[in-house]
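Asks: Here is a sequence with its predicted model. Questions after.
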Amino acid sequence: MAHQVLARVSHIRALPRTTGPLSRVRADFHRTGVKFKHIFTLGSLQLGGKPATSPVRGHINAALRVDSFSTTATAKAFWRSSQAKGSSSPRANRGWLGKLALGAALGVSTVALVQSLHTGVITAMALKINLDSAQGDWKETKEFLLSLSVKDRRPYYRTSSSVPLDEIPVWAPTAGGSEPSSYQRNEKLDQKISVYTGDITMLEIDAIVNAANKTLLGGGGVDGAIHRAAGPILKQECASLHGCETGEAKITCGYGLPAKYVIHTVGPIAHEGVGEEERRALRSCYKNSLQTATENAARSVAFPCISTGIYGYPSEQAVHEVLATVREYLDAHHDKLDRVIFCVFLPKDKELYLQNLPLYYPAEATIKSKL
Ligand code: APR
């Protein structure tokens, strides 16, 4: 058995260093600070922190005694620390080295071994991820999380539940709205708008927009909810953005949120009333957030009612600026977005959006007379 393992492993080592799957794996290991240098010896690595008690573990330990196969002490450190401290990742309990060794012991193909190595890289990273702590390296954490599929990212959500896009109903215009619309009907915008009542932090979509303040370091309202759900590492990335001006938008990873990204924008403060400056700033928030989303290939975006809470912008005025801005952006860029979701939190906002949407997304060609 050990002979077979050695044969397989020497085959892997013989793979050309510059091309082929192993170079990718080497590159992956390198990227995560893991280099091909370490030599395992029999029993030096007890899988799962326990001595081999069963024949399978015995196999694995035996398979680990390969003098020429290598990875770095770092991986071993990851492994030991995760076994000792327990990582937030549920993956920590499954030994990627065990899989690999078992594969080697059972003589699976080299490609499968390399793939298993590759999985090992992902799992090695997973061993380090702890979204409950501010200690992690936000760049490494962001790169790792953004490399995962939606399904693979789910174990990292810090919210009690999540709402996938296909469970968010599409709003459809109904014929005979209350007032004639000043917009042409545009069939290309059908199926692209939703009004969702609830907590924006639950939405499992490409990007949620945060009604932030200029520091980007968190606050109350939806800003506080987003930072709480994302976890403390979000603030680290936000701090690296050095603030945000009113009307501007900046993007970060979603971290512990079901949303892949958070787009932070700063709405106008309208405690002294709404003038042209406040109207223009609010429109910029929505336009720049959509622009930032499409620049990052985020195709589903949810907005809270920006500025209508602590910043005091009257909801019944804000709704018109919002619907007009999003309509104009979608007319020009409908191919880059699958869904824009107006995430309302208060019953009055839900009513306002449903009442005014037909004015901006008419069911049929009903143009207001220009007279
Ligand atoms: N999900 C969706 N919408 C929410 C949520 C939530 N979890 N929590 C609050 N809202 C709604 C509010 O009901 C309001 O309609 O978001 C809208 C925006 O309200 P605020 O969060 O107060 O935002 P804003 O008015 O833009 O004020 C921004 O408040 O939280 C601070 O740091 C933030 O200083 C900034 C200011």
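Replies: Thanks, I have the structure now.
Asks: Name the residue of the stretch 51-200 of the chain that lies nearest to the ligand.
Replies: As assessed by C-beta to the nearest ligand atom, the ligand sits closest to Ile200 within the stretch 51-200 of the chain, at 3.7 Å. For every residue, glycine as well, the C-beta is placed using N, CA and C.
Asks: Was I right to think that residue contacts Cys305?
Replies: No. Counting by C-beta atoms under 8 Å, Ile200 sits too far from Cys305 to count as a contact (10.1 Å).
Asks: between these two, who's got more neighbours?
Replies: Ile200 (26 against 23; other C-beta atoms under 10 Å).
Asks: what's the nearest residue to the more buried one once chain neighbours are set aside in contact with, if anything?
Replies: Excluding the flanking residues, the one nearest Ile200 by C-beta to C-beta, 6 or more residues apart in numbering is Cys343, at 4.4 Å. Neighbour list for Cys343: 196-198, 200, 203, 208, 302-304 [criterion: C-beta atoms under 8 Å, 6 or more residues apart in numbering].
Asks: Could you do Lys260 as well?
Replies: 146, 150, 153, 205-207, 253-254, 298.
Asks: again, only this time at 10 Å
Replies: 145-146, 148, 150, 153, 204-208, 253-254, 296-298, 300 (C-beta atoms under 10 Å, 6 or more residues apart in numbering).
Asks: go on, Asn296?
Replies: Applying C-beta under 10 Å, 6+ apart, the residues near Asn296 are 146, 206-207, 251, 260-261, 263.
Asks: For the ligand, what's the nearest residue on the stretch 251-371 of the chain?
Replies: For the stretch 251-371 of the chain, C-beta to the nearest ligand atom, closest residue to the ligand: Gly309, 2.3 Å.
Asks: need the residues of the stretch 251-371 of the chain near the ligand, please.
Replies: 267, 304-311, 343, 345-346, 349 (C-beta under 6 Å from any ligand atom).
Asks: Next, the residue of the stretch 251-371 of the chain closest to the ligand: secondary structure please.
Replies: coil (DSSP: H, G, I helix; E, B strand; the rest coil).
Asks: Tell me the spacing between the closest residue to it other than its chain neighbours and Cys305.
Replies: For Gly309, ignoring the flanking residues on the chain, the nearest one in space by C-beta to C-beta, 6+ apart is Gly221 at 4.8 Å. Gly221 sits 10 Å away from Cys305, going by C-beta to C-beta, to the nearest Å.
Asks: low-confidence ranges in the stretch 151-300 of the chain?
Replies: 175-179 (pLDDT under 70).
Asks: all helices for this protein, in order.
Replies: Per DSSP state H, the chain has helices spanning 2-14, 20-31, 55-64, 73-85, 96-106, 110-128, 138-146, 150-153, 221-230, 233-239, 276-295, 315-333, 347-360. These are given in chain order.
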